[in-house]
Structure formats: C-alpha cells, structure tokens
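S.K.: when you get a sec, could you give me coordinates for this:
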Amino acid sequence: MTYRVLFLCTGNSARSQMAEALLNVLGKGRFDAYSAGSQPSGSVQSLAARLIAELGYTTPLRSKSWDEFAASDTPPFDFVITVCDKAAGEACPVWPGQPVLAHWGVPDPATSPDELSGFMDAWVTLRRRIELLLALPLYAMDAMAREQKLHAIASLPLTTDTTP
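M.R.: Predicted coordinates:
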C-alpha cells in the first residue's frame with residue numbers, strides 16, 4: 001500500500017515543501033507526499049529549494065493552495081500534517097477520505113536571526129520526524145493508533161535512538 005500525505009503550512013514556501021521532498025525521497029514507494037498552503041506565497045524560499053535539491057528531489061517546486069487538494073474528486077489522503085502553528089489554527093477544508101490529522105509544528109526558518117541556521121534546524125527536525133514516521137508499522141495500526149503515533153512524533157526529542 002502507498003500512503004498519501006499532505007503537508008500544510010500557511011505560505012507553502014519552506015517547511016511544507018521540505019517535508020514533501022523528504023518524505024517522497026526517504027519513503028519512495030511507500031508514500032506519495034504533497035504540500036500546500038492556506039495562503040500560498042507564490043514562490044519557494046531559496047534556502048529551502050537548495051536543501052531540497054541537495055536531497056536529490058527533482059519534482060518541480062511550486063507554492064500552491066490547499067484548495068487544489070480539497071476537491072471531492074481528489075484522491076483521498078491517509079494523513080494531513082500541519083507543520084506551522086498558524087496553519088494548524090486555521091479552519092481547514094474538509095479533506096476527502098477522513099485522513100488522520102496531526103500537527104508537527106516547526107518554527108518558521110525565515111524568521112530566525114540566522115536564516116541559514118533556521119533552515120537547517122527546520123530541515124533536521126522534519127527529517128527526524130519523517131524518519132520516525134517511516135519506522136512505524138502503519139499496516140498493522142488502525143486510524144486511532146496512527147493518529148496517536150503521529151501526534152507523539154511531534155513531542156519526541158530528536159535524538160537518533162528515539163522510537164515513537
């Protein structure tokens with residue numbers, strides 16, 4: 001089974017883009033990841049694009065509205081994960097298929113005093129959370145257990161010996 005995941009952020013310019021690329025590369029064959037924003041900025045932050053390119057992700061990047069994924073004819077998502085606090089507090093569309101919802105808040109790297117450091121911190125945080133998601137035996141879990149595990153991932157320390 002291939003799981004469909006939608007990562008949301010307000011501007012869809014950095015964090016959600018990075019999460020999409022990370023999951024598509026690291027979870028290739030098991031996950032199809034997408035990203036969108038409630039108020040898309042229209043462009044992808046250059047530092048985010050650089051990190052994504054260094055990962056080897058070749059799908060063209062573009063900032064897009066979550067409306068593209070909320071239509072009734074859109075294939076359903078298994079998971080919808082917000083990665084910024086602002087998007088988590090917004091009234092989201094009704095997603096087809098009753099996906100598991102979770103919030104993995106990551107500070108906005110563009111507001112960091114050291115922008116490069118902010119982007120690297122966001123990248124490392126998202127990568128670790130995605131690695132934890134990939135380690136889950138999703139096939140053996142019901143929707144409630146999946147939701148609990150996805151919520152737990154956001155609160156775990158980001159060391160390499162952590163398991164969800």
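S.K.: going by C-alpha atoms from here, please, whenever you check contacts or count neighbours.
M.R.: Fine.
S.K.: and the longest helix belonging to the chain, what does it pack against?
M.R.: With DSSP state H setting the assignment, residue counts place helix 115-135 as the longest helix in the chain. Using 3 or more C-alpha pairs under 8 Å, 6 or more residues apart in numbering; DSSP states H and E as the contact test, the elements touching helix 115-135 are helix 15-26, helix 46-55, helix 143-155.
S.K.: just say which of those helices is most tucked in.
M.R.: Mean neighbour count (mean count of other C-alpha atoms under 10 Å) peaks for helix 15-26 among the helices and strands packed on helix 115-135, with a mean of 24.
S.K.: what is the mean pLDDT for that one?
M.R.: Helix 15-26 comes out with an average pLDDT of 97.
S.K.: run through who's touching it.
M.R.: With contact meaning C-alpha atoms under 8 Å, 6 or more residues apart in numbering, helix 15-26 is reached by 6-9, 31-36, 44, 48-49, 51-52, 55-57, 61, 82-84, 106, 108, 122-123, 126-127, 130-131.
S.K.: now which of the residues you listed would you call buried?
M.R.: Neighbour counting with 16 or more other C-alpha atoms under 10 Å marks 6-9, 31-36, 44, 48-49, 51-52, 57, 61, 82-84, 106, 108, 122-123, 126-127, 130-131 as buried within those.
S.K.: turn the helices and strands packed on helix 115-135 into TSV, columns for distance to Pro96.
M.R.: Output for the helices and strands packed on helix 115-135, formatted as TSV (distance: least, C-alpha to C-alpha, whole Å):
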stretch	distance to Pro96
helix 15-26	19
helix 46-55	28
helix 143-155	15
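S.K.: between those helices, which gets nearest to Pro113?
M.R.: Pro113 lies closest to helix 46-55 among the helices and strands packed on helix 115-135, at 14.5 Å (C-alpha to C-alpha).
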